[in-house]
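K.L.:
how would this look folded up:
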Amino acid sequence: MNNALKKIFIRTGILAFGVIIILAYSSMAYSARYVIEKYDTDHAFNGTTLFADNSDPDNPRIVEVDMRGNTVWDFRVPDSLFPDFRKRYNIVMDVERLPNNHILFNIQKVGIYEIERGGKLVWKHEDTETSHDVDRLPNGNTLYVRGWVRKGGKHVIEIDPSGKEVWSWDGMRHFDREPFSNIHHQGWMHVNGVTRLSNGNTLISIRNFNMIVEVDPEGMPVWKYQFKSRSHPHDPELLPDNHLLIPITSANRVIEIDRVTKTPVWEWTHPNGARPIAHIRDANRLPNGNTLIVEANRITEVMPDGEIVWRLRIPSIDIDSKRFKFLYKAERIR
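P.N.:
Numbers count the residues shown, from 1 in each chain. The predicted structure follows:
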């Protein structure tokens, strides 16, 4: 072999080695981006945790991690799903595993998408007002929130699989009055959560009114819970015992209320108190009685007595950033 060929082989080998090192480093950096601050193996509800990671706004991912923080599945949300001129609030907000193991998710003010685990897009619905919360209903329809719309707009919409609207709610008949009529902060109501109940009614979280309301199929309110002060409730969950689990963003706490007496029966307050650093927006009651709580850069599991038994942190989330990089929702899968 002449000297020229030797140099080519040497350079090629060095280049290949460098590529391997870069890829390996990239893989390690990605797998190490989730820090487990606590894991009580005896008391945590073991499984995997699914959530949207917007810590790199230009490279958003939907990830599933095990209890040790290792990524067991991830999906990079392709640029083709975003507008050509992406806004800071165009983030992935809600992520839900469907019974067929597909993943349903939304991109705020862009649309709603369903993918197979291999990443293939199998369904979509584009709506430049979608935000916060999206649910696939047992009948195959999709129920979702449009939190940023102005007064008179549709704040909640249900569509069939073809995308045809079959139900909506604008709240005008019941809330276009004082003290609600002239409110405006990121929309009129800023609805941030919706749930279709087994009785056919719909539970709606209205952040700007500090209210949770249940409406019947005609849109008539049949039950409501009004906070006495600015609370900014988020995405309440109806529990099997008819209690309601409510994250309260302004106070960085989670409360459980009895829907009949409307009195608190359980609560958990973030260790930092009411400092705005936490931004609690989601809470789910787990089958073992623990509660999974999501704040800006952490997902925490607590026992009924409030003891933390599992906590994941994303160090790369700058909670003071002006971009919408925070965690929003998570679900524990078993």
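
K.L.:
which residues of this structure fall in helices?
P.N.:
3-31, 172-175 (DSSP state H).

K.L.:
And those helices, which one averages the lowest pLDDT?
P.N.:
The minimum mean pLDDT among those belongs to helix 3-31 (a mean of 41).

K.L.:
So what pairs up with the nearest residue to Asp235 once chain neighbours are set aside in the strands?
P.N.:
Nearest residue to Asp235 in three dimensions, chain neighbours excluded: Gly193, at 3.4 Å (Cβ to Cβ, 6 or more residues apart in numbering). (Glycine included, C-beta is placed from N, CA and C.) Under DSSP bridges, the beta-bridge partners of Gly193 are Ser205.

K.L.:
what sits against Gly193?
P.N.:
Gly193 makes contact with 132-133, 145, 203-205, 234-236, according to Cβ atoms under 8 Å, 6 or more residues apart in numbering.

K.L.:
Now render those as JSON lines, adding neighbour count, pLDDT and distance to Gly163.
P.N.:
Formatted as JSON lines, the contacts of Gly193 follow (neighbours: other Cβ atoms under 10 Å; pLDDT from 0 to 100; distance: Cβ to Cβ, whole Å):
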{"residue": "His132", "neighbour count": "25", "pLDDT": "96", "distance to Gly163": "19"}
{"residue": "Asp133", "neighbour count": "26", "pLDDT": "98", "distance to Gly163": "18"}
{"residue": "Val145", "neighbour count": "29", "pLDDT": "98", "distance to Gly163": "17"}
{"residue": "Leu203", "neighbour count": "18", "pLDDT": "98", "distance to Gly163": "24"}
{"residue": "Ile204", "neighbour count": "25", "pLDDT": "98", "distance to Gly163": "22"}
{"residue": "Ser205", "neighbour count": "28", "pLDDT": "98", "distance to Gly163": "25"}
{"residue": "His234", "neighbour count": "25", "pLDDT": "95", "distance to Gly163": "27"}
{"residue": "Asp235", "neighbour count": "25", "pLDDT": "94", "distance to Gly163": "24"}
{"residue": "Pro236", "neighbour count": "23", "pLDDT": "96", "distance to Gly163": "27"}
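
K.L.:
Those residues in strands, which ones?
P.N.:
Within the contacts of Gly193, residues falling in strands by DSSP state E are 132-133, 145, 203-205.

K.L.:
which one of those residues sits closest to Asp318?
P.N.:
Distance to Asp318, by Cβ to Cβ, is smallest for His132 among those, at 21.9 Å.

K.L.:
Name the pair among the ones in strands among the contacts of Gly193 with the greatest separation in space.
P.N.:
His132 and Leu203 (13.7 Å).

K.L.:
Can you show me the strands along the stretch 51-200 of the chain?
P.N.:
Using DSSP state E, counting those that start in this stretch, the strands of the stretch 51-200 of the chain run over 61-65, 71-76, 92-97, 103-107, 111-115, 121-126, 131-136, 142-145, 156-159, 165-169, 191-196.

K.L.:
Please identify which of these is closest to Arg298.
P.N.:
That would be strand 61-65 among the strands of the stretch 51-200 of the chain, by Cβ to Cβ, at 13.0 Å.

K.L.:
Can you point out the buried residues in that closest one?
P.N.:
For strand 61-65, the neighbour count (16 or more other Cβ atoms under 10 Å) marks 61-65 as buried.
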